[in-house]
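Novice: Sequence and computational prediction follow.
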Amino acid sequence: MNAQNEPGHGHSPAAWTAVVIMLIGFTVGTVAFFFELAPIVWASAVVVVIGWIVGGVMAKMGYGVKGPRYAPKAHS
């Protein structure tokens with residue numbers, strides 16, 4: 001598959017930002033669950049949802065794979 005036909009596989013600023021925010025939420029939530037800190041577990045669940053929303057908003061702003069502000073990098 002050549003670069004022109006490549007769908008992008010989520011390699012966009014919107015996808016990376018969403019994944020990083022959600023990864024932080026999952027990590028903090030897992031540690032909080034281990035230490036039985038329920039309020040922090042719920043707060044981290046909110047962070048995961050916020051990450052999903054931020055990714056969607058950034059994609060709508062043009063930073064998604066097919067957005068006008070996304071510039072794919074050449075792969076070697």
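Specialist: Good, I have the coordinates.

Novice: Now Gly25: closest residue in space, sequence neighbours ignored.
Specialist: Distances taken as CB to CB, 6 or more residues apart in numbering place Val47 nearest to Gly25, at 3.5 Å, with adjacent residues excluded. Every C-beta, even on glycine, is put in place using the N, C-alpha and C of the backbone.

Novice: Name the residues that touch the helix or strand harbouring that neighbour?
Specialist: In this assignment (DSSP states H and E), Val47 forms part of helix 38-58. Helix 38-58 is contacted from outside by 13-15, 17-22, 24-26, 28-29, 32-33, 64, using CB atoms under 8 Å, 6 or more residues apart in numbering.

Novice: Apply 7 Å and report the result again.
Specialist: Helix 38-58 has contacts (CB atoms under 7 Å, 6 or more residues apart in numbering) with 13-15, 17-18, 21-22, 24-26, 28-29, 32-33.

Novice: Distance check, the nearest residue to Gly62 once chain neighbours are set aside against Leu23.
Specialist: Excluding its sequence neighbours, the residue lying closest to Gly62 (CB to CB, 6+ apart) is Arg69, at 3.8 Å. Per CB to CB, to the nearest Å, Arg69 is found 23 Å from Leu23.

Novice: So for stretch 14-33, mean pLDDT?
Specialist: Average pLDDT, stretch 14-33: 97.

Novice: List the buried residues in it.
Specialist: Using 16 or more other CB atoms under 10 Å as the test for burial, stretch 14-33 gives 14-15, 17-18, 21-22, 25, 28-29, 32.

Novice: and what of stretch 28-48?
Specialist: 28-29, 32, 41, 44, 47-48.

Novice: So Lys66: helix, strand or coil?
Specialist: Here Lys66 is recorded as coil under DSSP: H, G, I helix; E, B strand; the rest coil.

Novice: quick one: contacts for it?
Specialist: Contacts for Lys66 (CB under 7 Å, 6+ apart) come out as none.

Novice: got it, and the one 4 residues further on?
Specialist: With contacts defined as CB under 7 Å, 6+ apart, Tyr70 is in contact with 12-13, 62-64.
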